[in-house]
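Novice: predicted model, plus sequence, below.
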Amino acid sequence: DAKTTQPNSMESNEEEPVHLPCNHSTISGTDYIHWYRQLPSQGPEYVIHGLTSNVNNRMASLAIAEDRKSSTLILHRATLRDAAVYYCILRVGNRDDKIIFGKGTRLHILP
Amino acid sequence: EAEVAQSPRYKITEKSQAVAFWCDPISGHATLYWYRQILGQGPELLVQFQDESVVDDSQLPKDRFSAERLKGVDSTLKIQPAELGDSAMYLCASSLGRAGPSYNEQFFGPGTRLTVL
């Protein structure tokens, strides 16, 4: 399986945008880029996913590089409730199989 | 909003004892997963069910762990005997499965935190 590389931790100020990077240089053409996050003492939750084009939803935006070897999760206005571990994951499309989690990025939000 | 239910939320046991965890997936979800998460790491799959059938249990320590989903709905994960190294969060997740969208989003429960003394 293709692997992803994320910084171990990041800090951001409350109410400011946050850009969480992810490198996936060995991504294949059938891999979708997914982001999940895990709030303290909770199970992971889906955030967003994309294939080639940038994506927006109510939680975040996903910016995908043209060569698809990297992507950035954007939280437009971070709140204290966004403090969590964010996982960048590659998943083959149309397959219902396990998620391979890395260690993710622990995001700290400063009030 | 439909959620994945797990019980108990916390379990403390002594080594060599038996423990069991229960999961009720979102109604209509064909696929059910059990993950184990050690502190500071991401979750790792233990077993995956499609309806009542096991489709992946390659990382399940079968000498002490067992899992079942008899009617293809709720599921039980058992450890017997528990060892100190089994202390972890046990997460259950479900997805629509074969009839779902291409990305097959997984919905996770709150987990069971197991402490083995």
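Specialist: Looks like it arrived, so ask away.
Novice: secondary structure class for the most centrally placed residue in chain B?
Specialist: Nearest residue to the geometric centre of chain B (Cα atoms, centre = their mean): residue B:34, 2.6 Å. Using DSSP: H, G, I helix; E, B strand; the rest coil, the structure places residue B:34 in strand.
Novice: kindly report the same for residue A:25.
Specialist: coil.
Novice: how many other residues sit next to the nearest residue to it once chain neighbours are set aside?
Specialist: Closest residue in space to residue A:25, ignoring its immediate chain neighbours: residue A:69 at 4.7 Å, by Cβ to Cβ, 6 or more residues apart in numbering or on different chains. The C-beta positions use only the backbone N, C-alpha and C, and glycine is treated the same way. Residues near residue A:69, counting by other Cβ atoms under 10 Å in any protein chain shown, number 13.
Novice: tell me the phi and psi of residue A:69?
Specialist: phi -90, psi 0 (degrees, to the nearest 10).
Novice: quick check: residues of chain A near chain B?
Specialist: A:32, A:34, A:41-46, A:49, A:85, A:87, A:91, A:93-104 (Cβ under 8 Å from any Cβ of the partner chain).
Novice: go with 7 Å
Specialist: A:32, A:42-46, A:49, A:87, A:93-94, A:96, A:98-99, A:101-104 (Cβ under 7 Å from any Cβ of the partner chain).
Novice: if any of those are buried, put those into a PyMOL selection.
Specialist: Here is the PyMOL command that selects only those of the residues of chain A next to chain B that count as buried (16 or more other Cβ atoms under 10 Å in any protein chain shown):
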select buried, chain A and resi 32+43+44+46+49+87+96+98+99+101+104
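Novice: can you give me the strands for chain A?
Specialist: For chain A, applying DSSP state E gives strands covering A:9-13, A:18-23, A:31-38, A:45-50, A:55-56, A:61-64, A:70-75, A:84-92, A:105-110.
Novice: to residue B:23, which of those lies closest?
Specialist: Closest approach to residue B:23 among those (Cβ to Cβ): strand A:45-50, 16.4 Å.
Novice: got the contact list for the residue positioned nearest the centre of chain A?
Specialist: Central residue of chain A (Cα atoms, centre = their mean): residue A:35, 3.5 Å from the mean position. By Cβ atoms under 7 Å, 6 or more residues apart in numbering or on different chains, residue A:35 lies in contact with A:47, A:48, A:49, A:62, A:73, A:86, A:87, A:88.
Novice: let me know the closest of those residues to chain B.
Specialist: Distance to chain B, by Cβ to the nearest Cβ, is smallest for residue A:49 among those, at 5.3 Å.
Novice: list the contacts of that closest one.
Specialist: Per Cβ under 7 Å, 6+ apart, neighbours of residue A:49: A:32, A:33, A:34, A:35, B:103.
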